[in-house]
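Undergrad: Sequence and predicted structure below; questions after.
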Amino acid sequence: MIPIDIRPDKLAEEMFDYSRKLGQGMENLLNAEAIDTGVSPKQPVYKEDKLVLYRYDTPEGVTPSAVPLLIVYALVNRPYMTDIQEDRSTIKGLLATGQDVYLIDWGYPDQADRSITLDDYINGYIDSCVDHLREQLGVEKVNLLGICQGGVFSLMYAALHPDKVNNLVTMVTPVDFKTPDNLLSAWIQNVDIDLAVDTMGNIPGELLNWTFLTLKPYSLMGQKYVNMVDMLDDPAKVKNFLRMEKWIFDSPDQAGETFRQFTKDFYQHNGFINGGVWLGDQEVSLKNVTCPVLNIYALQDHLVPPDASRPLKGLSGSKDYTELAFPGGHIGIYVSGKAQKEVTPAIGKWLNERL
């Protein structure tokens, strides 16, 4: 057994440093300004019900692409993750490559929205945003960037409206919802979704957020707060930590009928693999996704394992299919320094080559 070298002077020094950081940290926390939600300038260009479509300002000296890029985010969290801080912003990176960036903010559903269906989101809201861009900009097609659940929405939209989609980028998007390493899917297989929706109406965001956190309870609910002490004496790091905390716990409720269909069709019935996903009177088939596709997944993703994303290659009807594997996790693909250097420039280059 290796002896533990605990010298009194060393222990006293570490305790003093720990106390100093806590003291400075309390001052920094008390002096922290209001935490913003997104850092890049943007303007609302279209509204419908609780949805707002934003256009991000083009940086000075950059000529925007003739084909707009519409970002479709998941319903379960807020889209400002893509623009979380000045030096770690997917939005800023895309703008720098010349993309004309638009983003759908779904807002916060309430009980008046409990009957909104998956068809309403895909053939209603997304199609309205796409048609708005086509009309206002005088273009026939748009580029889509779908993120996580928003990637599933984008795949369905591209399958049903191939005449309106120029290129499709999917990021950490599940296609096979029943891979052996998908813990979230394993948990939900025997949940009575009908009973949950019929009882609660909308599904509370707090319930879903608790579910996601308990997938990795040690790192997501314990260790990060221990590690926080090491950054408390740096005001900038404190602000960035609080930004991330705000996003993690900013979880909108889910419209009941959409949650019902999405969970049953995909998590329980694995609809992209087995078929049987209907929106209105149309069945969704990925073979109808014929536009160029860039599929990006994260190798350490605990929510959407790589094997959940890779099947898109064989299922889509695209003859121009590209994959990009990122050595990080579900969130790191947007906020890590490595992602800013590799992922966002790669998206911009891929799109610019396919105007």
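TA: Perfect, thanks for sending it. Residues are numbered from 1 along each chain as shown.
Undergrad: Please make it C-alpha for all contacts and neighbour counts, starting now.
TA: Noted.
Undergrad: Quick check: buried residues in stretch 191-201?
TA: Ile193, Val197, Gly201 (16 or more other Cα atoms under 10 Å).
Undergrad: Output those as a markdown table; include the columns distance to Gln254.
TA: A markdown table is the format used below for the buried residues of stretch 191-201 (distance: Cα to Cα, whole Å):
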| residue | distance to Gln254 |
| --- | --- |
| Ile193 | 13 |
| Val197 | 10 |
| Gly201 | 9 |
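Undergrad: wait, which of those is closest to Arg78?
TA: Distance to Arg78 across the buried residues of stretch 191-201 (Cα to Cα) is lowest for Gly201, with 20.7 Å.
Undergrad: how close does the residue lying closest to the closest one once chain neighbours are set aside get to Phe262?
TA: Ranked by Cα to Cα, 6 or more residues apart in numbering and with sequence neighbours excluded, the top spatial neighbour of Gly201 is Gly256, at 5.2 Å. Separation of Gly256 from Phe262 (Cα to Cα, to the nearest Å): 10 Å.
Undergrad: who has more neighbours, those two?
TA: Gly256 (28 against 21; other Cα atoms under 10 Å).
Undergrad: Per-residue pLDDT of that one, please?
TA: With respect to pLDDT, Gly256 has a value of 97.
Undergrad: The strand or helix carrying Ile296: how far from the chain's middle?
TA: Element membership for Ile296, per DSSP states H and E: strand 293-298. Centroid separation between strand 293-298 and its chain, computed with Cα atoms, centre = their mean, to the nearest Å, is 13 Å.
Undergrad: got it, and stretch 185-205?
TA: The answer for stretch 185-205 is 21 Å, by Cα atoms, centre = their mean.
Undergrad: what's in contact with that stretch?
TA: 76, 110-111, 113-114, 177-178, 251-257, 259-260, 263-264, 267-268 (Cα atoms under 8 Å, 6 or more residues apart in numbering).
Undergrad: now Ile91, what's its secondary structure?
TA: helix (DSSP: H, G, I helix; E, B strand; the rest coil).
Undergrad: how about it, what does it touch?
TA: Ser40, Thr82, Asp83, Val101.
Undergrad: one step back: now, the contacts of stretch 185-205 that are in helices?
TA: Gly256, Glu257, Phe259, Arg260 (DSSP state H).
Undergrad: between those residues, which is nearest Asp320?
TA: After measuring the ones in helices among the contacts of stretch 185-205 against Asp320 - Cα to Cα - the closest member comes out as Phe259, at 32.1 Å.
Undergrad: neighbours around Lys260, how many?
TA: In this structure residue 260 is Arg, not Lys. 23.
Undergrad: Which residue is the nearest non-sequential neighbour of it?
TA: Nearest non-adjacent residue to Arg260, counting by Cα to Cα, 6+ apart: Ile193, 6.1 Å away.
Undergrad: Distance check, that neighbour against Thr258.
TA: From Ile193 to Thr258 the distance is 11 Å (Cα to Cα).
Undergrad: wait, what's in contact with the residue nearest the centre of the chain?
TA: Among the residues of the chain, the one closest to the centroid is Ile147, at 4.5 Å (Cα atoms, centre = their mean). Listed by Cα under 8 Å, 6+ apart, the contact partners of Ile147 are Ile71, Val72, Tyr73, Ala74, Thr170, Met171, Val172, Thr173.
Undergrad: rerun that using 6 Å as the cut-off
TA: Tyr73, Met171 (Cα atoms under 6 Å, 6 or more residues apart in numbering).
Undergrad: what's it sitting at in phi/psi?
TA: phi -120, psi 120 (degrees, to the nearest 10).
Undergrad: next structured bit after the strand or helix carrying Gly151?
TA: According to DSSP H and E, Gly151 maps onto helix 149-160. Sequence-wise, the next helix or strand downstream of helix 149-160 (DSSP H and E) is strand 165-171.
Undergrad: Tell me what angle that following strand forms with strand 293-298.
TA: 10 degrees (axes from the mean of the first three to the mean of the last three Cα atoms, to 10 degrees).
Undergrad: sec struct for Thr63, please.
TA: coil.
Undergrad: Just the pLDDT at Lys216, thanks.
TA: 69.
Undergrad: whoops, Leu30 was the one
TA: Leu30 is given a pLDDT of 58.
Undergrad: Could you do Ile331 as well?
TA: Looking at Ile331, the pLDDT reads 86.
Undergrad: so how far is Asn270 from it?
TA: Distance from Ile331 to Asn270, by Cα to Cα: 24 Å.
Undergrad: who's more crowded, the two?
TA: Comparing Ile331 with Asn270 by neighbour count (other Cα under 10 Å), the higher total belongs to Asn270, at 21 against 14.
Undergrad: quick one, what contacts the more buried one?
TA: Counting by Cα under 6 Å, 6+ apart, Asn270 has contacts Phe177.
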